[in-house]
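# Here is the input, now give the coordinates:
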Amino acid sequence: MSFLPYAVGAWLFVIGLWGVVSSRNLVRTVLSLTVVQSATYLLLLGVGYRAKGVAPIVADIPTTSNLVDPVVQVLVLTDIVIEATVTALLLALVVQAHKRFGSVDPDDLRPLRD
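Residues are numbered from 1 along each chain as shown. You can find the predicted model right below:
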């Protein structure tokens, strides 16, 4: 078991979180959230990794084979679909904010709080 996927996942999470906190542009904020979300892919794949594991297609392999967990693969694919949907929704909201206020700077959206 390797520590590398967890370290890279933590690094991606910190970089993305720093981008969310320090960004003065809504598009960059959405992209930073995408980087944070990609850290979960590495975490899930690190959890489901097995050394010398084979694909979980059990029709033509011996029953003593070391199989990779298919649930983790399904979770990663589901996570990718959810990320794409959330990113598209957030970018659509950024476009609408730009149409209404003429800017993607969060400070220019302050009239929403009144």
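
# what residues are up against Leu75?
Leu44 (C-beta atoms under 8 Å, 6 or more residues apart in numbering). Placement of C-beta: from N, CA and C, glycine included.

# any idea how far it lies from Leu45?
10 Å (C-beta to C-beta, to the nearest Å).

# Number of residues surrounding Thr40?
18 (other C-beta atoms under 10 Å).

# An error on my part: the question was meant for Phe13.
18.

# That one: which element?
If you go by DSSP states H and E, Phe13 is part of helix 4-22.

# What sits closest to the most centrally placed residue in the chain if chain neighbours are left out?
For the chain, the residue nearest the mean C-alpha position is Gln37 (2.0 Å; C-alpha atoms, centre = their mean). Distances taken as C-beta to C-beta, 6 or more residues apart in numbering place Glu83 nearest to Gln37, at 4.6 Å, with adjacent residues excluded.

# per-residue confidence averaged over the helix or strand harbouring that neighbour?
Here Glu83 sits within helix 70-101, counting by DSSP H and E. In this model, helix 70-101 has an average pLDDT of 92.

# Just the buried residues of it, please?
Across helix 70-101, burial judged by 16 or more other C-beta atoms under 10 Å covers 72, 75-76, 79, 83, 90, 94, 97-98.

# Could you give the separation of it from the chain centroid?
How far helix 70-101 lies from its chain's middle: 9 Å, per C-alpha atoms, centre = their mean, to the nearest Å.

# ditto for stretch 5-14
12 Å.

# what does that stretch rub up against?
Residues contacting stretch 5-14 (C-beta under 8 Å, 6+ apart): 35-36, 38-43, 45-46, 49.
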